[in-house]
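compute the structure for the input listed below.
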Amino acid sequence: MWVSHLEKHENQGHIFLKSAGTYGTINFFDSYSFFVALLNKKWLVINNNAYCILGKNSNPLNNKNKLYKAGQSRNRGIRPHVRGEAMNAIDHPHGGRTRGGRLPKTKWGKLIKKNKKQINLKQIRFKKIKIEYLKKM
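Residues are numbered from 1 along each chain as shown. Okay, the predicted model is just below:
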């Protein structure tokens, strides 16, 4: 039996299976509760006095809708995602520089995106300079 809009306990309000096209199946009954299998293969234990709606939720193809411009997502309450690299230095740790320059680091100075070739080249150059300096002495 398909169910949707499940409550966990009595008079709590529906919590589970509210999205478009979702449903659960009642599999086992107990004296105090019943067991619902969800679509992600997990189980819920629901109180017998809790309410639910029989049947599936409509509009299962809701996630297939394509948004054609940014204004449509803004109307749905979704704000734009801005890369940290595109921000100013005050706004984000990665901001304030063009594509070249220093490697991005955390607030505590540890590397975020470790490019091993760049790091090794810097270490090799430093060692060469140090060796040449020692040879002169």
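
closest to the centroid, which residue in the chain?
For the chain, the residue nearest the mean C-alpha position is H81 (12.9 Å; Cα atoms, centre = their mean).

against S73, how distant is it?
Distance of H81 to S73, given as Cβ to Cβ, to the nearest Å: 10 Å. The C-beta positions use only the backbone N, C-alpha and C, and glycine is treated the same way.

quick one: the helices in the protein?
Applying DSSP state H to the chain gives helices spanning 70-75, 116-136.

comparing those helices by mean pLDDT, which bottoms out?
With a mean of 58, helix 116-136 has the lowest mean pLDDT of the helices of the chain.

now do the same end-to-end measure for stretch 22-37.
12 Å (Cα to Cα, to the nearest Å).

in the chain, which spans are strands?
Using DSSP state E, the strands of the chain run over 2-4, 24-29, 33-37, 43-47, 53-54.

quick one: S73 from D91, how far?
Going from S73 to D91 by Cβ to Cβ gives 22 Å.

all set now, cheers.
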